[in-house]
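Visitor: 3D model of this:
(chains A and B)
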Amino acid sequence: MEKEAVETVERKQHYILFYLAGEIFAINVKYVLRVLEATTFTKIPKGPSFLKGVVNFNGSVLPVVDTYLKLGMPAKKDFRKSLILVLNITAEEKNVNLGILVDDSDDVFEVKDSDIKPYPATGSKYKVEYVDGVIERKGNFILILNPQKLFATEAGTEIGNNILLDKENQTEQDDQTE
Amino acid sequence: MDDLSASFVNEANELLESLEEALLKLENHPDDQEEINTAFRVMHSLKGTGAMFGFEELSSFTHEMESLYDLVRTGKQKADKNLIDFTFKSIDLIRRLLDNPKDEETQTMEKELLNEIKTKFSAGETREKPEPLPVHKTKEKKKGNQVTWYIRFEPHRDILKNGTRPLYLLDELADAGGIKTFLHTDNIPDFKHLNVENTYVYWDILLSSDKDENFLRDVFIFVEDESRIEIEKISEHNLLSHPEFEKQITSLGLHENITPEKLQQLTAVLSFPEKTEVEEPEEEITGEQPEPPKEVKQDQEEVPDKEDVQKRILHETVRVPSAKLDELLDIISEVVTTQARLGHYSRHHEDPELQDITEDYEKLSRQLRENALGMRLIPIYTILIRFKRLVHDLSREMNKEIRLKTTGTETELDKSMIEKLYDPLMHILRNSIDHGIEPPEERKKAGKPVQGLIHIGTSYQGAFVQIKISDDGRGMDEKELKKVAMEKGFIQPGMEISSKELLQLIFRPGFSTSKKVSKISGRGVGMDVVKKNIEDLRGSIELETEKGKGTTVKILLPLTLSIIDGLLIHVGNNRYILPMNNVKQVFPVTRKELKKSFNNVISKDNHQIPFVNLIKEFEEKDTSQKELYLIVVDYGKKEMGFVINSVEGKYQAVIKPLSRLAQKQEIFSGASVLGDGEVALVIDTNKMIDKFINT
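Guide: Numbers count the residues shown, from 1 in each chain, chains lettered A, B, ... in the order given. Modelled structure (predicted):
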């Protein structure tokens, strides 16, 4: 992209902040329909493991993804204080509603596009294609996740893309950066 | 294809269906004037609207057909078998013309049929030539009864801006007969306020013509929404050619507004000698009684009243995409949920007013739900019509004489279900026609009436609809069935098998007793697919047969797909819904009994019942010491038990699809939002058992 264009447009977008096992993430609010309290789930016996269960969302049945499992975090047992971010993403050319579990979410803030730094492809925990960038805010580094890509397989018909960089991938990406 | 043409094609297909029905009736009662008129009317409508939507080929062909049926109407051509068969062929052609008019095969077919009209049907040469513009037949028809209409036409102020020229409309009217117009200029404002683009004038029009009201309304069809149009018949005679009337009306029109009342007064004093203007007076003329405008059109087309009633009913219906109805149902189930929440809240707050409101709201939401569900119901009649044609064609092809009788056709089912019923029903019918009903000679020998009978009877059975398809054909021979079953390895020699079990084998893939494979059926695929289709609709299918007497297939279907009667149960902390129609019995069961059970079979009521412990399978911790329950469900012809924690009770469940993500399992067919806002999964018992038994 040309530098001038970035400077002149100076686009600002809103992001919603959320916490997962001590880490801070953000998602562009355009994907977020609503934030629900995670009161009760209806679990699906014999269902896919990353699926925490289903909840009632406006009279329809909303599947809720176990984000901890998805992001490779320690499994969480007590969801009583958790929240569900209801996302609307496009998968296989269809609009899909999907809930993701988070510990807490307490802020929506505006970020200039130019303030978003690229996520380093090496030495990081997550694959770069699922992270849109990093912003620094109040001394914390916040990862901006791309739910469209991250949950594409959940919303679609296949299971199990992995956000964590495994060793093989890491070396591969090392090669690319050299 | 644009939307308009698509909706025309849709409508045309409906017309063709009604035509097929009329023809089938005509076959039995060749003199039935009503059915002949229906045929004529269908051709006429297709011709008119076809031309409007650019289906030129269709329009010119139906013009020929219309002329042919005009001959039938006037008795110059008999409605014999020849004609009916020919009309069936032409229906096929019309369908093709709707589909792809440029297709070569279609074109040759059209030529053949047109030729046939000319050569076969007697009074061919007396027919008029086809008209270049067949939308409205203006001159081709004999001069009918001239009646006089009063029309008040007040164009909308902005009519010119829409590109409509009011004068052209008057021209069109003038083409239909004698016309006298009176221009009213009293609405024109003074020059200062005059906007040159507006229309301020309006007209009183007297028209004497042989056209009916529909024709007049059609003239104004594109402006009727914005403009004020009054059409009233003021006389059964051609007033305009009456010299006295003309004199009177001219002076009247000069001085004041013309109203239907004044015209009546005027005509009342006039005398009409018989045989003056009226060419073919059909009745003795007494006083002049103008028809109220809403009355069925006074026709020179001689269409019976009943048809018109039907027509009017059609106008009162609205086409709604079924997706919208689905959406409505979604919203209503949310309303029901909200209402349950409100009920919950008001019970905990002792506020009489709040309780009042809650009760009212509850009533309304129930009505709303019933109403919305009712909208999705359509009579089964809509698909049975298509079968009449099928039976007619197939029986002819096979040289059999078969009558299709239908009863209870007003029985209503959910629209989505009716569509999915077509294939299975067709297959069953084909089986009956092909294998069931014997050829005439064989029937004669067996002492049966030569004409075979297939009866489709539909009726309500509680929360179900039963469709019974029975034929009086040769039935099936159990011995032969057994032999085939053995040959194909479905049963082993020496195995005892009840006749019910034997008949269920017919629904197994690869089972067919037909000696030869015919075009219609007998390839051994089908009945298993039929069964699967019916089960997908949460229905069941059964078969009864008696050698020499006939076969009956019984299909039982739930009234709607979206609401089921369920049993709300607890397994661990979660609630589930079991479809009530699968549940046979509920037994209390102790932990001791479970422990004692061997190989997951438990003994209840002297029955050995295999069971699945859902508490274990769903990985729930069984901590409470409370009594457990065994729910016995049907599993094919066997039974099967589920061990659960407790039963909450009966529950009417609005079934929601599980989203795609959650569909990656098979044992739940959907979910339902409960009164307290939580979600309960709906168990598909068959798949659940398959999963736990076979893995």
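Visitor: what about residue B:40, neighbour count?
Guide: Residue neighbour count, defined by other Cβ atoms under 10 Å in any protein chain shown, stands at 23 for residue B:40. (C-beta placed from N, C-alpha, C; glycine too.)
Visitor: Which pLDDT value does the model give it?
Guide: pLDDT recorded at residue B:40 is 84.
Visitor: beta partners for the closest residue to residue A:117 other than its chain neighbours?
Guide: Spatial nearest neighbour of residue A:117, excluding adjacent residues (Cβ to Cβ, 6 or more residues apart in numbering or on different chains): residue A:134 at 4.9 Å. On the basis of DSSP bridges, residue A:134 is bridged to residue A:117, residue A:143.
Visitor: got it, and residue B:633?
Guide: Listed beta-bridge partners, residue B:633: residue B:583, residue B:640 (assigned using DSSP bridges).
Visitor: what's around it, how many residues?
Guide: By other Cβ under 10 Å, 22 other residues sit near residue B:633.
Visitor: residue contacts, residue B:548?
Guide: Contacts for residue B:548 (Cβ atoms under 8 Å, 6 or more residues apart in numbering or on different chains) come out as B:446, B:474, B:475.
Visitor: Please determine how far it is located from residue B:445.
Guide: 11 Å (Cβ to Cβ, to the nearest Å).
Visitor: helices and strands of chain B: which one has the lowest mean pLDDT?
Guide: Least confident helix or strand, chain B: helix B:305-315 with a mean of 48, by mean pLDDT, DSSP states H and E.
Visitor: C-terminal to that helix, what's the next element?
Guide: Downstream of helix B:305-315, the next assigned helix or strand under DSSP states H and E is helix B:322-347.
Visitor: Whichever helix or strand comes after that next one - contacts with which helices or strands?
Guide: Scanning forward in sequence from helix B:322-347 by DSSP H and E, the next helix or strand is helix B:352-375. Applying 3 or more Cβ pairs under 8 Å, 6 or more residues apart in numbering or on different chains; DSSP states H and E, one finds that helix B:352-375 contacts helix B:322-347.
Visitor: angle of the helix it packs on against helix B:352-375?
Guide: On the basis of axes from the mean of the first three to the mean of the last three Cα atoms, to 10 degrees, helix B:322-347 is oriented at 160 degrees to helix B:352-375.
Visitor: what comes up buried for helix B:322-347?
Guide: With burial defined by 16 or more other Cβ atoms under 10 Å in any protein chain shown, the residues of helix B:322-347 counted as buried are B:325, B:328-330, B:332-337, B:339-340, B:342-343, B:346.
Visitor: restrict those residues to contacts with chain A.
Guide: Contacts with chain A are made by B:330, B:333, B:334, B:337 out of the buried residues of helix B:322-347, judged by Cβ under 8 Å from any Cβ of the partner chain.
Visitor: what's the closest non-adjacent residue to the first one?
Guide: Which is residue B:330. Residue nearest to residue B:330 in three dimensions, not counting chain neighbours: residue A:59, with 5.9 Å by Cβ to Cβ, 6+ apart.
Visitor: my guess is the one you found meets residue B:328, correct?
Guide: No - Residue A:59 is beyond contact range of residue B:328, at 11.8 Å (criterion: Cβ atoms under 8 Å).
Visitor: Can you give me the neighbour number for residue B:638?
Guide: Residues near residue B:638, counting by other Cβ under 10 Å, number 10.
Visitor: again, but for residue B:115
Guide: Neighbour number of residue B:115 under other Cβ under 10 Å is 10.
Visitor: Which phi and psi values does it adopt?
Guide: phi -60, psi -40 (degrees, to the nearest 10).
Visitor: do you know how far it is from residue B:101?
Guide: 18 Å.
Visitor: so how far is residue B:333 from the residue in chain A that chain B sits nearest to?
Guide: Of all residues in chain A, residue A:59 sits closest to chain B, with a separation of 3.3 Å (Cβ to the nearest Cβ). Going from residue A:59 to residue B:333 by Cβ to Cβ gives 5 Å.
Visitor: Same question for residue B:186.
Guide: Residue B:186 is 57 Å from residue B:333, where distance means Cβ to Cβ.
Visitor: Next: residue B:606.
Guide: Counting by Cβ to Cβ, the separation of residue B:606 from residue B:333 is 43 Å.
Visitor: With residue A:146 instead?
Guide: The value you get for residue A:146 to residue B:333, if Cβ to Cβ is used, is 33 Å.
Visitor: Look at the residue nearest to residue B:330 and report its pLDDT.
Guide: pLDDT at residue A:59 comes out at 71.
Visitor: now do residue B:512
Guide: 62.
Visitor: And for the one 3 residues further on?
Guide: The predicted structure scores residue B:515 at 50 on the pLDDT scale.
Visitor: Same question for the one 3 residues further on.
Guide: We note a pLDDT of 46 for residue B:518 in this prediction.
Visitor: which residues of chain A fall in helices?
Guide: Here chain A has its helices, by DSSP state H, at A:3-9, A:67-70, A:147-150, A:152-155, A:167-177.
Visitor: weakest of those helices by average pLDDT?
Guide: Mean pLDDT is lowest for helix A:167-177 among these, at a mean of 41.
Visitor: re the thing from before, so what's the residue nearest to residue B:330 up against?
Guide: Counted by Cβ under 8 Å, 6+ apart, residue A:59 has contacts B:330, B:331, B:333, B:334, B:337, B:656, B:673.
Visitor: Pull the contacting residues for the fifth one.
Guide: Contacts of residue B:337 were listed using Cβ under 8 Å, 6+ apart, and they are A:56, A:59, B:673, B:674, B:675, B:677.
Visitor: One more: the last one?
Guide: Remark: with contacts taken as Cβ under 8 Å, 6+ apart, residue B:673 is in contact with A:56, A:59, A:61, B:333, B:334, B:337, B:654, B:656, B:679.
Visitor: Output these in JSON lines; the columns should cover distance to residue B:573.
Guide: As requested, those are exported to JSON lines (distance: Cβ to Cβ, whole Å):
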{"residue": "A:56", "distance to residue B:573": "16"}
{"residue": "A:59", "distance to residue B:573": "22"}
{"residue": "A:61", "distance to residue B:573": "18"}
{"residue": "B:333", "distance to residue B:573": "24"}
{"residue": "B:334", "distance to residue B:573": "24"}
{"residue": "B:337", "distance to residue B:573": "20"}
{"residue": "B:654", "distance to residue B:573": "22"}
{"residue": "B:656", "distance to residue B:573": "21"}
{"residue": "B:679", "distance to residue B:573": "13"}
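Visitor: Tell me which two in these are the farthest apart.
Guide: Farthest pair in the contacts of residue B:673 (Cβ to Cβ) is B:334 and B:679. Separation: 12.9 Å.
Visitor: okay, now residue B:499: neighbour count?
Guide: 12.
Visitor: That one against residue B:478, yeah?
Guide: Yes - contact criterion Cβ under 8 Å: residue B:499 and residue B:478 qualify, at 5.9 Å.
Visitor: Could you tell me the end-to-end distance of stretch B:622-638?
Guide: Terminal residues of stretch B:622-638 are spaced 28 Å apart (Cα to Cα, to the nearest Å).
Visitor: hmm, who's touching that stretch?
Guide: For stretch B:622-638, the external contacting residues (Cβ under 8 Å, 6+ apart) are B:500-501, B:504, B:567, B:569, B:572, B:578, B:582-591, B:594, B:602, B:604, B:609, B:611, B:615-616, B:639-647, B:685-686, B:689.
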